[in-house]
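**Q** build me a model:
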Amino acid sequence: MDVKEVFDIIDKILLPKGNVKPGFTAYHIYLTLYECSKGPSGRKALSKILSIGEGSVRTLVRRLSEAGLIFVDSVAGVLLTSKGFEVLKVLSSKLVIVGSQDLISSDICARCRVSITLLKNGIKLVECVGGVLNVRDLVVKKGGVGGLILYYIDGVFKLPNSKSLYDVTDQEFWRNILKDYGVRDGDCVLVSICKNGDVNCLMYVVEAALEVVRGAAT
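**A** Numbers count the residues shown, from 1 in each chain. Next up is the predicted model:
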């Protein structure tokens, strides 16, 4: 299974029914697969993790089941199928969710939340979809107050713009956040900057990252 096939599956799951759009996005699909890969999960637990209502979770679970990505056990809960693991493997080879952190003060911003994803071989992906300015705008379009893109080159985090690369002053900050994620040369760190406590901040950056992965595969 390749990236194009994965997004074909996602698009079918997200199709409106009766002109009504589902109350979930590609982000919720990815996060559901990721959470269920750890072990069985119930609908209530998923509702809390995904920050969407139980009605939307029921629809999401039903559609994932119809697509053959999960199996619903009446006792254990929601489980990934082999096809679900395969879809998750393809997505995880391109995109890794790092998480969110509220900042009191830093060189990035004061009293804000940053949510972070790691794009594997992301420098190439970003350039394939029009460059850093386009991707930064995409993060804002998805809901972020701002966006930040970092390239990892020769063991150092770099801040790119349309013409040049600049050394990031707070290397240790980013090293600490990403120390467990196996960052390699050529990877890209994609960040959404939000108001402190915005529970949807991670969704903005993951949605943007998924669009980058999709766009680079077309």
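**Q** need the longest helix for the chain.
**A** helix 201-217 (DSSP state H).
**Q** what comes up buried for stretch 167-178?
**A** Across stretch 167-178, burial judged by 16 or more other C-beta atoms under 10 Å covers V168, F173, W174, I177, L178. (Each C-beta comes from the backbone N, C-alpha and C, glycine too.)
**Q** looking at those, which are in helices?
**A** Among the buried residues of stretch 167-178, DSSP H puts F173, W174, I177, L178 in helices.
**Q** send over the longest helix of the chain as CSV, restricted to the C-alpha atoms.
**A** Written as CSV, here are the backbone C-alpha positions of helix 201-217 (Å, rounded to 0.1, in the frame of the first residue of the first chain):
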residue,chain,number,x,y,z
CYS,A,201,-3.8,23.2,18.3
LEU,A,202,-2.4,19.8,17.5
MET,A,203,-5.2,19.1,15.0
TYR,A,204,-4.1,22.2,13.0
VAL,A,205,-0.6,21.1,12.5
VAL,A,206,-1.4,17.5,11.9
GLU,A,207,-4.0,18.5,9.3
ALA,A,208,-1.4,20.7,7.6
ALA,A,209,1.2,17.9,7.7
LEU,A,210,-1.2,15.4,6.2
GLU,A,211,-1.9,17.9,3.3
VAL,A,212,1.8,18.2,2.7
VAL,A,213,2.2,14.4,2.6
ARG,A,214,-0.8,14.1,0.3
GLY,A,215,0.4,16.9,-2.0
ALA,A,216,3.9,15.6,-2.3
ALA,A,217,2.5,12.2,-3.4
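**Q** so what does it touch, helix or strand wise?
**A** On a contact count with 3 or more C-beta pairs under 8 Å, 6 or more residues apart in numbering; DSSP states H and E, helix 201-217 meets helix 3-13, helix 26-36, strand 95-103, strand 112-119, helix 122-128, helix 132-142, strand 188-195.
**Q** next one: the first one to chain centre, how far?
**A** Average the C-alpha atoms of helix 3-13, do the same for its chain, and the two points are 15 Å apart (C-alpha atoms, centre = their mean, to the nearest Å).
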